[in-house]
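Trainee: need a 3D model of the sequence below.
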Amino acid sequence: MVLQAGPAGLLGGGLLAVVVTLCVTWVFYAVTLHLAATFFIGEVPSQLAAKAAIVPSVVSLLLQRYGVESGIVSPSLGVLVVLVITLVADGIAISAVYRLSGRSTAPLVVLHLAFAAVVGFALNNIFGFV
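Mentor: Numbering: from 1, shown residues only. Have a look, this model is predicted:
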């Protein structure tokens with residue numbers, strides 16, 4: 001069984017579903033960003049990852065909900081557009097919170113994407129969310 005935030009999902013399409021999805025996404029991005037930052041920078045406070053992770057969480061959810069579903073972005077290009085804009089937002093947030101230059105931010109964003117992909121793939125295999 002899959003937990004969906006859509007109208008046919010378990011939580012419905014209301015405010016509760018959006019808030020829960022935002023919180024889960026925020027925690028996921030914060031954990032994977034902290035892992036990537038620790039690997040790339042060294043020992044860093046986890047609060048920095050929590051501060052930076054809210055930006056890509058909000059951007060990706062807004063783009064998915066109002067960009068792809070409302071028809072502003074075509075569904076065939078939707079995933080690519082959401083991914084690119086979310087990565088740009090992630091880079092801006094990482095640069096601001098960790099106070100890194102553009103040259104240092106880019107590899108950390110790529111590492112964050114890699115950590116998120118690996119952890120997401122593993123969680124998908126464990127729990128079967130598709």
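Trainee: could you use CA atoms for every contact and neighbour count after this?
Mentor: Noted.
Trainee: any idea how far L111 lies from N125?
Mentor: Distance, L111 to N125, using Cα to Cα, to the nearest Å: 21 Å.
Trainee: tell me what the helix or strand bottoming out on mean pLDDT in the chain is packed against?
Mentor: Lowest by mean pLDDT, DSSP states H and E among the helices and strands of the chain is helix 75-98, with a mean of 89. Helices and strands touching helix 75-98, by 3 or more Cα pairs under 8 Å, 6 or more residues apart in numbering; DSSP states H and E, are helix 46-62, helix 102-127.
Trainee: next, the angle from the first one to helix 75-98.
Mentor: This points to helix 46-62. Helix 46-62 runs at 160 degrees relative to helix 75-98, counting by axes from the mean of the first three to the mean of the last three Cα atoms, to 10 degrees.
Trainee: alpha carbons of helix 46-62, as PDB, please.
Mentor: C-alpha atoms of helix 46-62 as PDB (Å, rounded to 0.1, in the frame of the first residue of the first chain):
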ATOM      1  CA  SER A  46      23.400  19.400  12.100                       C
ATOM      2  CA  GLN A  47      21.300  22.600  12.600                       C
ATOM      3  CA  LEU A  48      22.900  24.000   9.400                       C
ATOM      4  CA  ALA A  49      21.500  21.100   7.400                       C
ATOM      5  CA  ALA A  50      18.100  21.600   8.900                       C
ATOM      6  CA  LYS A  51      18.100  25.300   8.000                       C
ATOM      7  CA  ALA A  52      19.200  24.700   4.500                       C
ATOM      8  CA  ALA A  53      17.000  21.700   3.800                       C
ATOM      9  CA  ILE A  54      13.700  23.600   4.100                       C
ATOM     10  CA  VAL A  55      14.400  25.500   0.900                       C
ATOM     11  CA  PRO A  56      14.600  22.500  -1.600                       C
ATOM     12  CA  SER A  57      11.700  20.900   0.300                       C
ATOM     13  CA  VAL A  58       9.400  23.800  -0.200                       C
ATOM     14  CA  VAL A  59      10.500  24.400  -3.800                       C
ATOM     15  CA  SER A  60      10.200  20.800  -4.900                       C
ATOM     16  CA  LEU A  61       6.800  20.400  -3.300                       C
ATOM     17  CA  LEU A  62       5.500  23.600  -4.800                       C
END
